[in-house]
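Peer 1: got a predicted structure here, sequence first:
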Amino acid sequence: MNIKSIVYAFTCLSFSVVIGAAIYEHIAVVPRWSAAPPLSLSMFQGEYGLNPTPFWIAIHPVTLALLAVSIILFWKTGSRSHLLITSIGYLLILAVTFAFFVPELVAITGSAMSENADISLTKRAGLWETLSLVRLSFLVVLSIILFLGLTRRQD
């Protein structure tokens with residue numbers, strides 16, 4: 001196995017980590033905080049509240065860097081289009097994430113604690129969750145495209 005193949009494998013791994021973390025959050029975290037905000041937001045409160053931000057801040061640049069290096073290494077191969085489609089799609093998803101998902105999540109999870117659920121906040125959380133699942137679906141499609149690039153001739 002050559003260095004190019006190892007870099008491509010790490011690129012796939014990094015992209016898979018993004019998807020795995022998103023799936024984990026949608027199974028274990030999002031249903032809990034979105035159930036009845038602001039009452040259900042206690043997991044984010046206090047000194048020991050959940051803070052996934054350091055993970056997401058670290059994984060996205062690593063994944064982008066690996067995609068960029070892979071594009072350079074595989075530019076003259078059959079994998080180029082797979083890498084370009086995945087990279088462009090991922091950049092678009094990140095742009096939407098930083099323009100909508102992050103600000104909306106911060107607004108919802110930063111709401112003042114209350115003993116009662118807020119119906120409008122619960123609806124916003126539900127919309128956020130639905131749209132985030134759509135975003136995750138696009139990431140899964142992009143990962144399939146990325147992995148299919150592994151099957152292309154590399155000469």
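Peer 2: All right, it came through fine. Numbers count the residues shown, from 1 in each chain.
Peer 1: tell me the backbone dihedrals of Gly110, please.
Peer 2: phi -90, psi 0 (degrees, to the nearest 10).
Peer 1: burial count for it?
Peer 2: 11 (other C-beta atoms under 10 Å). Glycine gets a C-beta too; all of them are placed from N, C-alpha and C.
Peer 1: same deal with Trp33?
Peer 2: Residues contacting Trp33 under the criterion other C-beta under 10 Å number 22.
Peer 1: over to the one 10 residues further on?
Peer 2: When neighbours are counted by other C-beta under 10 Å, Met43 registers 13.
Peer 1: contacts only, for the spatially closest residue to Leu66 that is not a sequence neighbour.
Peer 2: Leaving aside its sequence neighbours, Leu66 sits nearest to Thr11 (C-beta to C-beta, 6 or more residues apart in numbering; 4.1 Å). Applying C-beta atoms under 8 Å, 6 or more residues apart in numbering to Thr11 gives the contacts Thr63, Leu66, Leu67, Val69, Ser70, Leu83, Leu146.
Peer 1: which strand or helix spans the second one?
Peer 2: Under the criterion DSSP states H and E, the helix or strand holding Leu66 is helix 53-73.
Peer 1: CA atoms only: put the next helix or strand after that helix into CSV for me.
Peer 2: Next along the chain after helix 53-73, taking DSSP H and E as the criterion, comes helix 80-96. What follows is helix 80-96 as a C-alpha-only set of coordinates in CSV (Å, rounded to 0.1, in the frame of the first residue of the first chain):
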residue,chain,number,x,y,z
ARG,A,80,-10.6,13.0,-8.7
SER,A,81,-14.3,13.5,-9.4
HIS,A,82,-15.3,11.6,-6.2
LEU,A,83,-13.0,13.7,-4.1
LEU,A,84,-14.1,17.0,-5.8
ILE,A,85,-17.9,16.2,-5.4
THR,A,86,-17.4,15.2,-1.8
SER,A,87,-15.2,18.3,-1.0
ILE,A,88,-17.6,20.8,-2.7
GLY,A,89,-20.6,19.1,-1.1
TYR,A,90,-18.9,19.2,2.3
LEU,A,91,-17.9,22.8,2.0
LEU,A,92,-21.5,23.7,1.1
ILE,A,93,-22.8,21.8,4.1
LEU,A,94,-20.3,23.5,6.3
ALA,A,95,-21.4,26.9,5.0
VAL,A,96,-25.0,26.1,5.8
